[in-house]
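Student: Sequence below, structure please.
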Amino acid sequence: SMLNILQLQTKVLSSKEQTLNYIETYLKKFLHLQPDIVTLPEMFNCPYSNEKFIEYCEEETNSLTLSKIAKLADENNTYILAGSIPEKEDSKIFNTSYLFDKNGEIIAKHRKMHLFDIDVKGKIYFKESDTLSSGNKFTIAKTEFGNVGIGICYDIRFPELARLMVNAGAEILFYPGAFNMTTGPAHWELTFRARALDNQVYCVGVAPALNRDASYHSYGHSIITNPWGEIITQLDEKENLKIVEIDLDEIKKVREELPLLKNKRNDLYKINLI
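Tutor: Below is the predicted model:
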């Protein structure tokens, strides 16, 4: 069975309203491609910085961003993975991804579980934990094209999380993410290929476009990798979009030809939720 994924590698404009209107206009130009699911980047509505997470955060029940995305999903009869936004609950802020179905209903939300705290000497320093709290749940959603798992950016570096999602039946793993110009060239493509290969699933990475004027430089390079560990598509760093058709039957085929998941030694080791 075939699935059309429309990846939007968008940029963040100077206000939230502007960004949302731009995403709507951009999306509407390409709806004739008839996507089954539209994917947006991590922090698609907010500049990637700790001060901005505080300034831009929204509560789920009263969110300009989420109500706009819900309306777009409903009106255009498409699933939308709303990459992530800074989501406020009580006094905490989470980096949260929402999956909307074709009726504009939220069918899953994932709060980034592994916070990005990094200090590569002379290259990049960033600590999400200065402002963000971590989620503590792994996230699987049932859709009409099968079960999908959602992680956010740094979450992809932890193979245990991918394996838990796949053990729970996920056939596509979505990771909205914003790797940077240090970690991106080194690890972005490698981790997407590795997670897809290890688990014999599709992995979908969708990133914000590079903005040289921002304090954080996103690597872009939105990507899809297949169950054989190959890259099906990859953009560059500029604002762009891509519609890609994937064949879900490939998953079963690859798992029969190379039965990794069957050949695991479940008698010796397993990954459990605590």
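
Student: which residues in the protein form helices?
Tutor: 16-29, 50-56, 64-76, 159-167, 183, 189-199, 249-257, 260-263 (DSSP state H).

Student: export the first one as CSV, just CAs?
Tutor: Going back to what we said before, that points to helix 16-29. Taking C-alpha atoms only, helix 16-29 is exported to CSV below (Å, rounded to 0.1, in the frame of the first residue of the first chain):
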residue,chain,number,x,y,z
LYS,A,16,4.0,33.6,15.1
GLU,A,17,1.0,34.9,13.1
GLN,A,18,3.2,35.5,10.1
THR,A,19,4.7,32.1,10.3
LEU,A,20,1.3,30.4,10.5
ASN,A,21,-0.1,32.3,7.6
TYR,A,22,3.0,31.6,5.5
ILE,A,23,2.7,27.8,6.3
GLU,A,24,-0.9,27.9,5.3
THR,A,25,-0.3,29.7,2.0
TYR,A,26,2.7,27.4,1.3
LEU,A,27,0.7,24.3,2.0
LYS,A,28,-2.3,25.3,-0.1
LYS,A,29,-0.1,25.7,-3.1
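
Student: now what about it, what contacts it?
Tutor: Contact partners of helix 16-29, identified using CB atoms under 8 Å, 6 or more residues apart in numbering, comprise 6, 8, 10-13, 38, 40, 44-46, 56, 64-65, 68, 72, 76, 241. Any C-beta I mention is one placed from the backbone N, CA and C, and that applies to glycine too.

Student: Relative to residue 218, which of the helices of the chain is closest?
Tutor: With CB to CB, the closest approach to residue 218 among the helices of the chain belongs to helix 183: 10.8 Å.

Student: pLDDT of the closest one, averaged?
Tutor: Averaged across helix 183, the pLDDT comes to 96.

Student: Report all helices and strands that that helix contacts.
Tutor: Counting contacts by 3 or more CB pairs under 8 Å, 6 or more residues apart in numbering; DSSP states H and E, helix 183 is packed against no other helix or strand.

Student: Distance from that helix to the middle of the chain?
Tutor: 17 Å (CA atoms, centre = their mean, to the nearest Å).

Student: isn't residue 233 right next to residue 224, touching?
Tutor: Yes. Using CB atoms under 8 Å, residue 233 makes contact with residue 224 at a distance of 5.1 Å.

Student: Neighbour count: these two, which is higher?
Tutor: residue 224 (23 against 16; other CB atoms under 10 Å).

Student: Who does residue 242 form a beta bridge with?
Tutor: Per DSSP bridges, the residues bridged to residue 242 are residue 7.

Student: Quick check: it vs residue 9, distance?
Tutor: Distance, residue 242 to residue 9, by CB to CB, to the nearest Å: 8 Å.
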